[in-house]
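Enquirer: A predicted structure for the sequence below; I have some questions about it.
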Amino acid sequence: MKILVVNAGSSSLKYQLFDMVNESVIAKGAVERIGIPGSRLTAKGNGRQKVYEQPMPDHKVAIKLVLEALTDGEIGVISSMKEIGAVGHRVVASGEYFKKPTLVDDEVIKTLEEKTFELGPLHNPAAAAGLHACMDVMPGTPMVLVFDSSFHQTMPEKAYMFGIKYEDYKAYGVRKYGAHGTSHKYVSQEAARFLGRDIKDLKIVTCHLGNGSSITAVDGGICVDTSMGFTPLDGVLMGTRSGCIDASAVEFLARKKGYDAARMVTYLNKECGVLGISGVSSDFRDLEAGMEAGNERCKLALEMFSYQTKKFVGSYAAAMGGLDCIVFTAGIGENTPYIRSGVCDGLEFLGVRLDEEANNAKNGGAREISAKDSKVKVLVIPTNEELAIARETLALI
Ligand code: ADP
């Protein structure tokens, strides 16, 4: 069966078409600038690439063009839309409404639109637009919603609650939801597979370290805690996000800078993190180059990132009462030995011993970077959120 995975943003739409017989990607592409002058689709298939530049005022027009590309004489990989068995849609925020991947029907659309938009105001309306566009163009094809946060729905109440008035949690749903759930689930399962162990017997901390970063405690295959909170702003400092910060400091800073609440949230999401600390870049490659050239603030940003991530690993070992495996994934987790080494440094007391040579080796695949005698296995597992969504979609239908 062929499964199309759609990841719609407010002005963008990425897609991959999988042949699930061997889980291969047979076509993929991205639309940029939907609803903005200069819309374009870059589509790949049959080993070729084609760029479509034409007005795309909304997601429906964009999806129509994607489907045109999929059946195109030159780069097309299918002869008709009927070959697509199902579509998996990435949705960022599930709130408490969706605990697992969900097959779309009228009730699901109603809940998505009426309940979750305010929890993911930038992303969820875009996902709904992508969904409607696909339903219009492919009537009768099963649509599945796969939520970034649903893997975290197994957290116990003591882990997801903030220390606020219980009535306010009940009234407004203010609690920890987490993010990157599809990635955390995928890499924890791949880690168990790599180790040849049953995931039910493993206590794993997964570190998804990218432009946005989150750390998750996976006990027996189930998420028991995660570092992102009500929104992805919480947890470790990131490319441009502050990570957790005393709420009183936020009010104090807002007063000093003359910012209102909305401006303050933009400040904390877009101007802080390692960018704000270094004053140089949000990109870890630039920070490493800066540090090597003697820039102390780049060094500080990198040290803060490793230190904060390490503290989550340690606290999650405590939360689970043990630790069998640490997994690094995403742009930084997969490509930055300096950070992996910084995170593991000092965790020897938990039984973590890195093999520095393996850590520094350039190798793209899933691999072990812990020393042979390390009690805790340390792995690098490339994430693949699109494949994870395709698998979830196939499993559901
Ligand atoms: P996101 O998906 O959240 O935008 P990524 O997972 O792509 O982010 O991670 C981006 C980060 O990964 C950047 O800080 C970048 O510096 C870092 N990185 C380091 N080495 C590489 C590499 N070889 N390729 C891609 N990203 C890398």
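Expert: Right, received. Where do you want to start?

Enquirer: helix or strand for Leu145, which one?
Expert: Using DSSP states H and E, Leu145 maps to strand 143-147.

Enquirer: in the protein, what residue comes closest to the ligand?
Expert: Scanning the chain for proximity to the ligand using CB to the nearest ligand atom identifies Gly331 as nearest, at 2.0 Å. The C-beta positions use only the backbone N, C-alpha and C, and glycine is treated the same way.

Enquirer: hang on, the earlier thing: who's in contact with the next helix-or-strand element following the strand holding Leu145?
Expert: Toward the C-terminal end, the helix or strand that comes next after strand 143-147 (DSSP H and E) is helix 157-160. Applying CB atoms under 8 Å, 6 or more residues apart in numbering, the contact partners of helix 157-160 are His152, Arg175, Lys176, Tyr177, Val224, Asp225, Ala319.

Enquirer: next, count neighbours for Cys207.
Expert: 27 (other CB atoms under 10 Å).

Enquirer: over to the one 10 residues further on?
Expert: By the measure other CB under 10 Å, the count of residues near Ala217 is 27.

Enquirer: how about the one 5 residues further on?
Expert: The burial metric for Ile222, expressed as a neighbour count using other CB under 10 Å, is 16.

Enquirer: again, but for Glu356
Expert: 14.

Enquirer: wait, it sits on Ser341?
Expert: Yes: here Glu356 reaches Ser341: they are 6.8 Å apart, a contact under CB atoms under 8 Å.

Enquirer: re the thing from before, the residue of the chain closest to the ligand belongs to a helix, doesn't it?
Expert: Yes: assigned with DSSP: H, G, I helix; E, B strand; the rest coil, Gly331 falls within a helix.

Enquirer: I figured it was touching Ser213, is that so?
Expert: No: Gly331 lies out of contact with Ser213 (CB under 8 Å); the separation is 9.5 Å.

Enquirer: more neighbours, the two?
Expert: Using other CB under 10 Å as the criterion, Gly331 and Ser213 rank with Ser213 on top: 30 against 18.

Enquirer: show me what that one is bridged to.
Expert: Beta bridges link Ser213 to Leu209 when assigned by DSSP bridges.

Enquirer: which residues are in contact with it?
Expert: Cys207, Ser227, Gly235, Val236, Met238, Phe305, Thr309, Ala330, Ile332.

Enquirer: against Phe328, how distant is it?
Expert: 11 Å (CB to CB, to the nearest Å).

Enquirer: intersection of neighbour lists for the two?
Expert: With CB under 8 Å, 6+ apart, Ser213 and Phe328 have common neighbours Cys207.

Enquirer: still on that earlier bit, mind checking which of the contacts of helix 157-160 land in helices?
Expert: If you go by DSSP state H, the contacts of helix 157-160 have Ala319 in helices.

Enquirer: between the contacts of helix 157-160, which is nearest Thr111?
Expert: Thr111 lies nearest to Tyr177 out of those, by CB to CB, at 15.4 Å.

Enquirer: okay, now the residue lying closest to the residue of the chain closest to the ligand once chain neighbours are set aside: neighbour count?
Expert: Leaving aside its sequence neighbours, Gly331 sits nearest to Gly210 (CB to CB, 6 or more residues apart in numbering; 4.3 Å). By the measure other CB under 10 Å, the count of residues near Gly210 is 19.

Enquirer: wait, what's in contact with Gly210?
Expert: Gly210 touches Ala330, Gly331, Ile332, Gly333, counting by CB under 8 Å, 6+ apart.

Enquirer: just checking, the first one touches Ser183?
Expert: Just to be clear, that refers to Ala330. Yes: using CB under 8 Å, Ala330 is in contact with Ser183, at 6.9 Å.

Enquirer: distance check, the residue sitting nearest the centre point of the chain against Ser149.
Expert: Nearest to the geometric centre of the chain sits His180, at 3.2 Å (CA atoms, centre = their mean). Distance of His180 to Ser149, computed by CB to CB: 9 Å.

Enquirer: can you pull the residues of this structure lying near the ligand?
Expert: The interface of the chain toward the ligand, taken as CB under 6 Å from any ligand atom, is made up of Gly210, Asn211, Gly212, Gly239, Asp283, Phe284, Arg285, Ala330, Gly331, Ile332, Asn335, Thr336.

Enquirer: what sits against Gln16?
Expert: Per CB under 8 Å, 6+ apart, neighbours of Gln16: Leu4, Val5, Val25, Ala27, Lys28, Glu386, Ala390.

Enquirer: and the two most separated of the residues you listed?
Expert: Maximum distance among these (CB to CB): 12.7 Å, for Ala27 and Ala390.

Enquirer: ok, the two, which is more surrounded?
Expert: Ala390 (28 against 23).

Enquirer: ok but the more buried one is inside a helix, no?
Expert: Yes: counting by three-state DSSP, Ala390 is located in a helix.

Enquirer: hmm, Asp168 is touching Val174, no?
Expert: Yes: contact between Asp168 and Val174 holds when scored by CB under 8 Å: they sit 6.0 Å apart.

Enquirer: in strands, which of the contacts of Ser213 fall?
Expert: Among the contacts of Ser213, DSSP state E puts Cys207 in strands.

Enquirer: show me which of the contacts of Ser213 are buried.
Expert: Among these, those scoring as buried are Cys207, Ser227, Gly235, Val236, Met238, Phe305, Thr309, Ala330, Ile332 (criterion: 16 or more other CB atoms under 10 Å).

Enquirer: could I get these as TSV with distance to Pro37 and pLDDT?
Expert: Shown next, in TSV, are the buried ones among the contacts of Ser213 (distance: CB to CB, whole Å; pLDDT from 0 to 100):
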residue	distance to Pro37	pLDDT
Cys207	40	98
Ser227	39	98
Gly235	37	98
Val236	37	98
Met238	31	96
Phe305	38	98
Thr309	41	98
Ala330	32	95
Ile332	34	97
